[in-house]
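**Q** Sequence and computational prediction follow.
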Amino acid sequence: MSIPFSNTHYRIPHGFGSLLEGLTREILREQPDNIPAFAAAYFENLLEKREKTNCDPAEWGAKVDDRFYNNHAFKDQQVSEVPEPGTKPKATGPKATPTIAIESTEDEIERGIAALKIQAVYRGQRARREVKKLKIEKADEK
């Protein structure tokens, strides 16, 4: 029995949402008959990948979420050399996660911002068109 006016607030751990989104995406893509077995195999595969690559998808998802919502997680990241193929990246920072050197010029950033604005305008226009169609269909039904 749940108490509707409880002061208990549960918080979703960082990265858990992105892990569940990935699982959900794969379930919708594959349409398995036995979902619990599929989920077990999916997480087993993720564990193997994490052990091989030393990259935790839950931690990465948490950083992406932080960057999207707070834009603070990537500010303190150190840029390291790009490792040569076949070698492991050097550990930098307290958690020793692999980093990739990314350089972007102001021109590239401005082009990216312009592309985002164009996409937003297009999506807004498309949404307005759909709403207009729905209003016309609703008026025709009456």
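**A** Arrived safely, thanks for sending.

**Q** Doesn't residue 13 lie inside a helix?
**A** No. Assessed with DSSP: H, G, I helix; E, B strand; the rest coil, residue 13 is coil; it does not lie in a helix.

**Q** Next, it: phi, psi?
**A** Per-residue torsions, residue 13: phi -60, psi 150 (degrees, to the nearest 10).

**Q** which is the next helix or strand following the lowest-mean-pLDDT helix or strand in the chain?
**A** Within the chain, no helix or strand scores below helix 57-69, which has a mean of 70 by mean pLDDT, DSSP states H and E. Once the chain leaves helix 57-69, the next helix or strand it forms, by DSSP states H and E, is helix 106-141.

**Q** could you give the mean pLDDT of that next one?
**A** Mean per-residue pLDDT for helix 106-141: 88.

**Q** For that helix, list every residue counted as buried.
**A** Residues of helix 106-141 include none that count as buried (16 or more other CB atoms under 10 Å). All C-beta spots, glycine's among them, are computed from the backbone N, C-alpha and C.

**Q** mind giving me the domain split of the chain?
**A** 12-103, 104-142 (automatic domain parsing).

**Q** Near residue 16, how many other residues are there?
**A** 13 (other CB atoms under 10 Å).

**Q** That one contacts residue 58, doesn't it?
**A** Yes. Counting by CB atoms under 8 Å, residue 16 touches residue 58, with 6.8 Å between them.

**Q** per-residue confidence at residue 40?
**A** With respect to pLDDT, residue 40 has a value of 94.
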